[in-house]
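S.K.: Sequence and predicted model, in that order:
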Amino acid sequence: MAHLAWRLAQRWCPSSLQVISFPVVQLHLNRTAMRASQKDFENAMNQVKLLKKDPGNEVKLKLYSLYKQATEGPCNMPKPGVFDLINKAKWDAWNALGSLPKETARQNYVDLVSSLSSSLESSSQVEPGTDRKSTGYETLMVTSEDGITKIMLNRPTKKNALNVEMYHEIMHALKAASKDDSAITVLTGNGDYYSSGNDLTNFTDIPPGGVEEKAKNGAVLLREFVGCFIDFPKPLIASGQCPALGHLPSPSLGYSIAVYASDRATFHTPFSHLGQSPEGCSSYTFPKIMSPAKATEMLVFGKKLTAGEACAQGLVTEVFPDSTFQKEVWTRLKAFAKLPPNAMRISKEIIRNREKEKLHAVNAEECSVLQGRWLSDECMNAVVNFLSRKSKL
Ligand SMILES: CCCC/C=C/CC(=O)SCCNC(=O)CCNC(=O)[C@H](O)C(C)(C)COP(=O)(O)OP(=O)(O)OC[C@H]1O[C@@H](n2cnc3c(N)ncnc32)[C@H](O)[C@@H]1OP(=O)(O)O
């Protein structure tokens with residue numbers, strides 16, 4: 001059913017299933033609608049084409065809706081079907097402008113482009129140019145100091161949601177950390193979320209082979225990603241001061257040698273809410289670590305745990321007061337990093353190795369089940385609801 005709807009959507013509007021492209025590329029200017037600020041409007045449209053950095057889908061939707069309102073007036077398109085994600089998002093954005101006068105929409109478009117140009121320009125001046133150059137990563141900040149390699153998820157404005165690039169960069173960073181001079185590796189997040197899990201816009205970028213190919217590629221990527229955690233040879237510590245959502249907590253909780261959380265952190269694996277199923281080997285590790293009954297509450301019913309609850313259940317090693325979290329955790333980590341690295345590596349190996357084969361098998365099974373789930377109506381509806389801002393977790 002979901003497959004059919006997606007296919008129909010693809011045939012009806014092939015571009016609708018790609019990431020939203022810039023409105024000026026897609027649209028034609030209705031010149032007769034321009035009056036006093038026509039020149040400004042045209043300039044603004046040219047400026048959009050020159051932006052060096054993608055401003056993100058939300059902003060592109062705003063630009064699109066203002067453009068349409070400025071040139072055509074109130075929304076006059078038929079409402080797209082629920083599975084036509086991109087056109088539906090565009091329709092929602094335009095329709096939300098109601099009867100905003102064309103002149104106001106034109107002015108708002110010009111203002112938005114102007115603020116966008118200056119903010120993107122200034123952010124590119126201070127931007128992690130240095131970080132990027134020194135680490136070579138777009139979505140992470142990776143540093144190595146005092147025997148500790150720190151991998152920090154660095155998409156704070158998206159709550160550290162994992163886009164495809166971030167999956168690859170984390171795998172790359174883990175592989176590099178496994179070979180560098182550091183004794184331990186720390187995984188953490190920048191901003192007010194450790195991670196918000198899989199980037200749900202990953203579902204909207206459909207390859208030529210359609211949603212089946214997308215789901216297959218996703219399963220391959222996830223299997224490889226989780227596999228990197230299973231095989232990671234050094235002590236790995238997850239350090240979280242804030243909420244962790246979705247699947248990054250699963251592999252990092254399941255395979256970290258230690259998990260440190262502030263008393264503000266929460267842990268949430270809302271697989272059922274999203275029409276999905278457990279991954280990151282959580283279907284195996286959580287019932288073992290917690291208890292089958294508690295794991296069911298978390299993995300099947302999506303019960304959110306506070307750091308204290310997660311610690312009581314054995315998922316978290318220790319909870320620290322938020323105000324002293326960084327100081328206390330880093331003091332401890334620096335002390336650990338001074339221990340003989342080979343002894344730590346071998347100790348980890350002996351604890352984890354007899355489980356490795358089992359974990360790889362569980363990972364393969366979970367990814368195969370998920371591949372089917374991603375094609376389900378339940379999953380599609382959850383993604384549509386989030387992208388059209390009808391639901392948040
Ligand atoms: C290889 C595939 C593996 C698949 C495995 C899947 C397992 C999972 O990961 S399940 C978890 C999936 N995650 C979610 O469903 C979380 C969705 N996000 C939210 O519910 C809320 O954003 C959240 C509660 C995290 C935070 O709410 P707010 O504090 O109100 O912030 P905003 O909602 O305004 O978010 C800011 C900004 O970030 C974007 N965002 C946040 N999370 C995601 C996400 N998971 N995917 C994509 N985008 C995300 C959000 O859209 C906002 O963007 P802008 O509107 O452009 O500012």
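M.R.: Now that the structure is in, tell me what you want to look at.
S.K.: V211: how many residues sit nearby?
M.R.: The burial count assigned to V211 is 22, neighbours taken as other CB atoms under 10 Å. Every C-beta, even on glycine, is put in place using the N, C-alpha and C of the backbone.
S.K.: So it sits against L375, correct?
M.R.: Yes - the pair V211 and L375 qualifies as a contact (CB atoms under 8 Å) at a distance of 6.1 Å.
S.K.: wait, what's in contact with L387?
M.R.: In this structure, L387 makes contact with L85, A89, L200, T201, T204, judged by CB atoms under 8 Å, 6 or more residues apart in numbering.
S.K.: between those residues, which is closest to the ligand?
M.R.: Using CB to the nearest ligand atom, the shortest approach to the ligand within those belongs to L200, at 3.8 Å.
S.K.: low-scoring stretches of the chain, by residue?
M.R.: Within the chain, the segments meeting pLDDT under 70 span 1-36, 52, 82-83, 118-135, 247-256, 390-391.
S.K.: tell me the phi and psi of the residue most central in space within it?
M.R.: Closest to where the C-alpha atoms of the chain average out (CA atoms, centre = their mean) is A161, at 1.7 Å. The phi and psi torsions at A161 (degrees, to the nearest 10) take the values phi -60, psi 140.
S.K.: Also I184?
M.R.: Note on I184: its backbone torsions stand at phi -130, psi 160 [degrees, to the nearest 10].
S.K.: how far away is it from the ligand?
M.R.: I184 sits 26 Å away from the ligand when distances are taken as CB to the nearest ligand atom, to the nearest Å.
S.K.: now swap in P340 and tell me
M.R.: From P340 to the ligand the distance is 37 Å (CB to the nearest ligand atom).
S.K.: can you pull the contacts of that residue?
M.R.: Contacts were defined as CB under 8 Å, 6+ apart; by that measure P340 touches no other residue.
S.K.: quick revisit: which one is the residue nearest to the centre of the chain nearest to, not counting chain neighbours?
M.R.: D199 (3.8 Å; CB to CB, 6 or more residues apart in numbering).
S.K.: List the residues that contact whichever residue of the stretch 201-350 of the chain sits closest to the ligand.
M.R.: Closest residue of the stretch 201-350 of the chain to the ligand, CB to the nearest ligand atom: G246 (2.6 Å). Taking CB under 8 Å, 6+ apart, we find G246 in contact with S195, S196, G197, N198, H268, T269, P270.
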